[in-house]
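Participant: what shape does this take:
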Amino acid sequence: MIATLLRYFRNLHELKQKTVADLLGMSQANYSDLENGKTKLSYTAAEKLAKHYGVSSSQFYTDSTSETDNFTNGILPHHTVNFLETKKAMPPDEKDKYEHTIEFLREEIRELTIQLKNVAEINSLLLKR
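Facilitator: Modelled structure (predicted):
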């Protein structure tokens, strides 16, 4: 269920509902409705959450009916789940080190994605000649 995933990711990253609601540009009450399955997650909200949590937005659109199926069916790689759960148990100074590393890697991925798009555009232009 999407509501279960929303709650799982928020708790895994040790965030308050208000923090996630602010990220999505909505009230805490509206976000609570999402986590309780009262309202549906928009595509835009799924994209924002996916980017923030470092996962694919398609993970928020599974047909799974079991709370654990989302993880056992490979939506999140097992090593990712293990890492995130291990991170929760880390002392604050260790968490800070990992957070900095993760942010660095996210930035590297963003830059590589831009470079890849540029190469694809150049390739497309060359093929048109």
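Participant: where do the helices sit along this structure?
Facilitator: Along the chain, counting by DSSP state H, helices occupy 2-12, 17-24, 28-35, 43-53, 69-72, 78-88, 92-128.
Participant: how much space separates the residue located most distally from the centre of the chain from Leu6?
Facilitator: For the chain, the largest distance from the centre (Cα atoms, centre = their mean) belongs to Arg129, which lies 39.5 Å off. According to Cβ to Cβ, to the nearest Å, Arg129 and Leu6 sit 48 Å apart. Bear in mind the C-beta positions are built from the backbone N, C-alpha and C, glycine included.
Participant: and what of Thr39?
Facilitator: Applying Cβ to Cβ to Thr39 and Leu6 gives a distance of 11 Å.
Participant: re the thing from before, and the residue farthest from the centre of the chain, what does it touch?
Facilitator: Arg129 is in contact with no residue at all, counting by Cβ atoms under 8 Å, 6 or more residues apart in numbering.
Participant: need the pLDDT of it.
Facilitator: Looking at Arg129, its pLDDT stands at 77.
Participant: any idea how far it lies from Asn123?
Facilitator: Per Cβ to Cβ, Arg129 is found 11 Å from Asn123.
Participant: over to Thr113?
Facilitator: Distance of Thr113 to Asn123, given as Cβ to Cβ: 15 Å.
Participant: lowest average pLDDT across the helices of the chain?
Facilitator: helix 69-72 (a mean of 44).
Participant: could you double-check that Ala45 sits in contact with Leu24?
Facilitator: Yes - contact criterion Cβ atoms under 8 Å: Ala45 and Leu24 qualify, at 5.0 Å.
Participant: and Thr39 and Leu6? Which one has more around it.
Facilitator: Leu6 (23 against 14; other Cβ atoms under 10 Å).
Participant: tell me which residues touch the residue nearest to that one when sequence neighbours are not counted, please.
Facilitator: Leaving aside its chain neighbours, Leu6 sits nearest to Glu35 (4.9 Å; criterion: Cβ to Cβ, 6 or more residues apart in numbering). The contact partners of Glu35, by Cβ under 8 Å, 6+ apart, come to 3, 6-7, 10, 17.
Participant: hmm, 7 Å instead?
Facilitator: Contacts for Glu35 (Cβ atoms under 7 Å, 6 or more residues apart in numbering) come out as 3, 6-7.
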